[in-house]
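> sequence first, predicted coordinates after that:
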Amino acid sequence: MATNRKRRWGRSYPPLILLAVAVVAVVAVLPSALNLPQSNPTTVLEYAPVPPQDKDQPPPNGNLSALGLGTSSSLSIAATPPPPPPLPPESGNGLRPVQKRCVGNPPKQSEDPNSPPCVPFFQGDNFGATYTGVTKNEIVVLVNYDWGAYGLSTASHETSPPPNTYVDIDKPRLPNCPIGDTATDPNQCDHMLVRILKAFSRYFNDRFQTYGRHVHYWAYFSGAGTAAERRGDAAGQFEKLHPFAVVDEAVFFGYNAEYETAMAEYGVTTFGSTQSSVENAFYRKNAPLSWGFFPDVEHWAALYSSYICKKVAPFPVKRFGRSPGSGAPNGGKRTFGVWSTTDPAQPGLQLFAEKVKDEIAKCGVEPVAEATYSKSGYAIDATDTGQEAAAGAGRFQSHNVTTILYIGGAETRLSSSLDAIGYFPEIVVAGNLDTDNNYIGQLQDQAVWQNAWTTTFQLRINRLQDSPGYRAYKEGDPSGDDSAGFYAQDYYRDNFELFQGIQVAGPRLNPKSMDSGFHAIPSRESKDPYTAALYFDPGDYTSVKDDAEGWWDPQGRSPPGGQPSTRPGCWRLVREGRRFLAGRWEGADDVFRNRSDPCTGFGGFIRQRTA
C-alpha cells in the first residue's frame, strides 16, 4: 500500500517528492527518541529497543482491554521468526556522552554472558506515564518474598521482618540485621534479602538502559500459605503501590500461579521462575503480563523427555547396585519406574509428570511402576513420616525397576528408604533448581544417590564469586557480606529479566512494547556452558531453552564459596557443562565416564518444614 501511494504521489504531485526528500534528510540528522547510538558505530543492536507499533499511549490506569489478554497463539517450541530490522546506528560523531558503561566486543550491557547488546545513550521523550506504575522519572517494582529465617546455617540465620511488611528499597543502607529467631525491624537494620535488593537496585539502574527512569524497588514479606491468602496479598499490594511489575520470589508455600494471575487481573507485569514448573497455558492466559526466566513445563518436559528417549532408553542398565555396574541386572534392558508428587500446592509438577509420561511413551518407554508423595519442595520435612517413600521403594523393587525417573520436587525420603531395603537402582533426575543443586544432593543417602544423574538448566558456575548474581551484588554494595552474596546468585535471574524487558521495550514502556521486544530476540544455540540459549518461541513467555547434563559424585567437592555446606558431594557437569536444545543431545549413555568433569558451583539452599 505504501508503494502504491508513492506511485500516485509521483504521478500527481511531482514537487512533493523534493519536499519528502528534504524531510527525510532532516530526520536523519536530528536527534530522535529511538535513535540510540552505539559505543562502536559499526555495531548494530540485535534487539534493543523494539518500539511499539501503535501510536496511542495506553491509559495510565492499565486498561486490560488494551493488552489482549489470552489472545496469544498456542505454544510452538521452535525457533522464533526473524526480528524486525534493527535501529540504525549513530553516525559516530562523538557529540553524545555515553551514559551507560558497556563491556565486551560487541558491546554488552554488563559482564553477564547473557547480557543484551549495549544501549549506552538515550535522549528525547520517554512519553511520561505510559502505564500503571510508570511515570516520566520512575518505574515502581515490588519484590515479593517469603518471611522467615535465612542464612547459610541454622546458627547464622537472620529472621526477616514480620509478615505483611513493606520495605522501601530506595532508603539508605542500614546495618546488617542481627542473627536470631526474632523478627527484625526494617527501620533499624537491613535483612539479608533487603541488602541484596538494595545492591541490585543500584547495579541494574546503573548498568541497564531505562530511558531516563529510575526503577524504584519495594520489598514485601509474605506469610501467605494458601491460594486465598496469596490472592489477598496481590489485592493489598496493588492497592498500596500500583506497581508496574512484581518479581515473585515467595515460593515456600506454593500457589505462585494464583498470586501472579491475581496480579495480571490488575494489569501488573510479573516475573517469577524460581520453581520452573509453570505451564505455558498460564502464561498465555495472562499474556503479555507474566514472564519467567527458566523454562515453562512444556519446554522443561521436552528437554527431559528427549534426554530419556535419546540417551537412556536405547541403552542397557549400567549403574545399578551398591557397587554400581557390577552384577545383574546391569547389561540387561532397562525397566522404568516414576517417582512424582501429588502436592496440591505444586500443580505444575503434576502436569510435568504427565507430560513426561506422554512424551516418553512415543519412544516406547512404558513405566512398570509409579509411586507418589504428597509434599514437595522440602529437603527436610518433619511432617513427612516417610511412609510414602517406603511404600514407593517397595513398589519399585517388587516390579524389578532398574531405572527411576525422578520427576517430582525436592525431598530426601526416597533415597533413605531405598537404602533401608538394600535396593540401589539408577535414578535420572529432572533438575528444577532444587533437585539438581549440590546441597540437596549431599542430604540424600549417598549409597543410593551415587547412581543418580540429571538434566539441569542451571548455568555453569565455577565459583560463587564468578556468578553474575554475586558480581552484581558486590558491585551494588562493595562492602556487602558473602552470606547475602550467596543468596544473590539465585535471586539474580528474575531481576535480570525484568531489566532486560525494560530495555528491549524502548522508551514507551508498557506490557505490549515489552512483549514486542522480548519476542524480537533472535533464536540461537548456546556455544559455551556459561551462556544459555535465551529467546522466546511463538506463544512462549519463558527464556531459557537448553539444558546441560550432570552426574552425582559423592566424593566430589564444590568450588569454594559455592554452597553453605562443607560436606563432600557434587554434580559433575558432562562435556564441561555444554548445553543442548531439546532433542539435540549428543553421545550415547556416556555419563559417569570422566571423573575430571567439573563440579558445578550451584550449591543451592534448602527449605525446611518443621510443623
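It's in.
> could you use CA atoms for every contact and neighbour count after this?
Will do.
> and residue 156, what pLDDT?
Per-residue pLDDT puts residue 156 at 80.
> okay, now it: neighbour count?
Residues lying near residue 156 (other C-alpha atoms under 10 Å) number 14.
> which residues of the stretch 101-250 of the chain score low on pLDDT?
Scanning the stretch 101-250 of the chain for pLDDT under 70 picks out nothing.
> strands along that one, start to end?
With DSSP state E, counting those that start in this stretch as the criterion, the stretch 101-250 of the chain has strands at 138-146, 149-150, 158-159, 165-168, 214-222, 245-248.
> just name the most buried of those.
Across these, averaging neighbours per residue (mean count of other C-alpha atoms under 10 Å) puts strand 245-248 on top, at a mean of 25.
> which secondary structure elements does that one contact?
In terms of contacts (3 or more C-alpha pairs under 8 Å, 6 or more residues apart in numbering; DSSP states H and E), strand 245-248 is packed against strand 138-146, strand 269-271, helix 482-505.
> then that strand to CSV, C-alphas only?
Extracted in CSV, the C-alpha atoms of strand 245-248 (Å, rounded to 0.1, in the frame of the first residue of the first chain):
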residue,chain,number,x,y,z
ALA,A,245,5.9,-5.1,37.8
VAL,A,246,6.2,-7.7,40.5
VAL,A,247,9.1,-10.1,41.0
ASP,A,248,7.6,-13.1,42.7
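> that one: how far from the chain's middle?
The gap between where strand 245-248 is centred and where its chain is centred comes out at 13 Å by C-alpha atoms, centre = their mean, to the nearest Å.
> cool, stretch 357-375 as well?
For stretch 357-375 - counting by C-alpha atoms, centre = their mean - the centre lies 26 Å from the chain centre.
> cool, and stretch 194-203?
Distance, centroid of stretch 194-203 to centroid of chain: 18 Å (C-alpha atoms, centre = their mean).
> circling back to that earlier point, can you add distance to residue 496 and give the strands of the stretch 101-250 of the chain back as TSV?
As requested, the strands of the stretch 101-250 of the chain are exported to TSV (distance: least, C-alpha to C-alpha, whole Å):
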stretch	distance to residue 496
strand 138-146	13
strand 149-150	22
strand 158-159	25
strand 165-168	20
strand 214-222	13
strand 245-248	11
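> so which of the ones you listed gets nearest residue 479?
strand 158-159 (18.2 Å; C-alpha to C-alpha).
> who are the packing partners of the closest one?
Checking 3+ C-alpha pairs under 8 Å, 6+ apart, strand 158-159 ends up next to strand 149-150.
> direction included, what does the strand it packs on pair against?
Here strand 149-150 is paired, per DSSP bridges, with strand 158-159 (antiparallel).
> if we can go back for a sec, most tightly surrounded among the helices and strands packed on strand 245-248?
With neighbours taken as mean count of other C-alpha under 10 Å, the helices and strands packed on strand 245-248 reach their highest mean count in strand 269-271, at a mean of 26.
> what helices and strands are in contact with that one?
By 3+ C-alpha pairs under 8 Å, 6+ apart, strand 269-271 packs against strand 245-248, helix 256-265, strand 290-291, helix 482-505.
> rerun that using 10 Å as the cut-off
Contact analysis of strand 269-271 by 3 or more C-alpha pairs under 10 Å, 6 or more residues apart in numbering; DSSP states H and E lists strand 138-146, strand 245-248, helix 256-265, strand 290-291, helix 482-505 as its packing neighbours.
> can you give me the mean pLDDT across it?
Strand 269-271 comes out at a mean pLDDT of 97.
> residues making contact with it?
With contacts defined as C-alpha atoms under 10 Å, 6 or more residues apart in numbering, strand 269-271 is touched by 132, 141-143, 243-249, 259-261, 263-264, 286-293, 493-498, 510-511, 514, 542.
> run the chain-centre distance for stretch 257-265.
18 Å.
> next, the buried residues of that stretch.
Using 16 or more other C-alpha atoms under 10 Å as the test for burial, stretch 257-265 gives 257-264.
> likewise stretch 237-255?
Burial within stretch 237-255, assessed by neighbour count using 16+ other C-alpha under 10 Å, is assigned to 237-238, 242-255.
> straight-line length of it, end to end?
17 Å (C-alpha to C-alpha, to the nearest Å).
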